[in-house]
Every structure is written in C-alpha cells, then in structure tokens.
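Colleague: Following is a predicted model, sequence given first.
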Amino acid sequence: MRKPELAAAIADKTGLTRDKASEVITAFTDQISAAASRGEDTTLIGFGTFNIRAREARDGRNPQTGATIRIPASKTVGFKAGKALKDSIS
C-alpha cells in the first residue's frame with residue numbers, strides 16, 4: 001500500500017477528505033522522523049516501536065574486486081512490531 005492508497009482508506013474510514021488524510025499521514029511521518037533524529041523511540045501501543053539502532057564498524061568486501069573495505073559505524077531506524085500487529089497477520 002502506498003501513501004495515496006493509505007490516505008484514501010483513512011479518508012473512507014474517518015470521513016476526512018483525501019487531502020486532509022494525506023496531511024495527517026505527512027504530519028505523522030514528520031513527527032516519527034523528528035523523534036528519530038533526536039534519538040528518541042516512538043511507541044504506538046499494539047502497533048509497534050520505531051527505534052534507533054547502532055551498527056558497529058566492520059570489515060566488508062567489494063563484490064566486484066574482492067578487496068577488503070572498512071564499513072564505518074552508523075545509525076539506522078528499526079521497527080519492532082507490537083503484539084496486536086503480530087496477531088493480526090497470523
């Protein structure tokens with residue numbers, strides 16, 4: 001499902017216009033991104049948790065040349081599904 005499809009589904013369920021539903025989705029994703037940039041987790045009870053995960057520096061290999069390269073440490077965003085979400089797909 002892409003954003004326009006999600007906005008249409010939310011609009012149908014809530015009575016909002018598609019434009020307003022799209023604005024709500026944008027505001028939601030902006031707030032998740034802002035919290036992640038501050039290093040904060042975002043937990044939606046029953047749905048899941050967005051959190052920051054740290055990756056250690058490690059050695060890798062260039063698949064074209066076979067040369068060893070050093071991959072620097074980095075941060076990434078992770079998502080852990082909540083119980084209700086897990087139960088809904090099984």
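Modeller: Nice, I can see it. Bear in mind the structure is a predicted one, so any value in this text is a computation, not a measurement.
Colleague: Can you give the domain ranges for this structure?
Modeller: For the chain, the structural domains run 1-40, 41-90, going by automatic domain parsing.
Colleague: tell me the most buried of the ones you listed?
Modeller: Across the domains of the chain, averaging neighbours per residue (mean count of other C-beta atoms under 10 Å) puts domain 1-40 on top, at a mean of 13. Just so you know, the C-beta spots here come from the backbone N, C-alpha and C atoms, and that holds for glycine as well.
Colleague: What pairs with the helix or strand hosting Ile52, parallel or antiparallel?
Modeller: Element membership for Ile52 (DSSP states H and E) is strand 48-55. Partner strands and pairing direction for strand 48-55 (DSSP bridges) are strand 42-44 (antiparallel), strand 74-81 (antiparallel).
Colleague: Longest helix in the protein, please.
Modeller: Secondary structure of the chain per DSSP state H: the longest helix is helix 18-37.
Colleague: where are the low-confidence patches of this structure?
Modeller: The model of the chain has no residue with pLDDT under 70.
Colleague: Would you confirm that Ile52 contacts Ala36?
Modeller: Yes. Under the criterion of C-beta atoms under 8 Å, Ile52 makes contact with Ala36 at 6.1 Å.
Colleague: mind checking how far Thr42 is from Val77?
Modeller: 10 Å (C-beta to C-beta, to the nearest Å).
Colleague: any common contacting residues for the two?
Modeller: Both Thr42 and Val77 are in contact with 36, 50-51, where contact means C-beta atoms under 8 Å, 6 or more residues apart in numbering.
Colleague: Same list (these) but as CSV, adding distance to Ser90.
Modeller: CSV is the format used below for the shared contacts of Thr42 and Val77 (distance: C-beta to C-beta, whole Å):
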residue, distance to Ser90
Ala36, 28
Phe50, 22
Asn51, 23
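Colleague: Run through the residues that contact Ala18.
Modeller: For residue 18 the amino acid is Arg, not Ala. So Arg18 contacts 4, 7-8, 11 (C-beta under 8 Å, 6+ apart).
Colleague: Likewise for Ser74?
Modeller: Here Ser74 is in contact with 54-55 (criterion: C-beta under 8 Å, 6+ apart).
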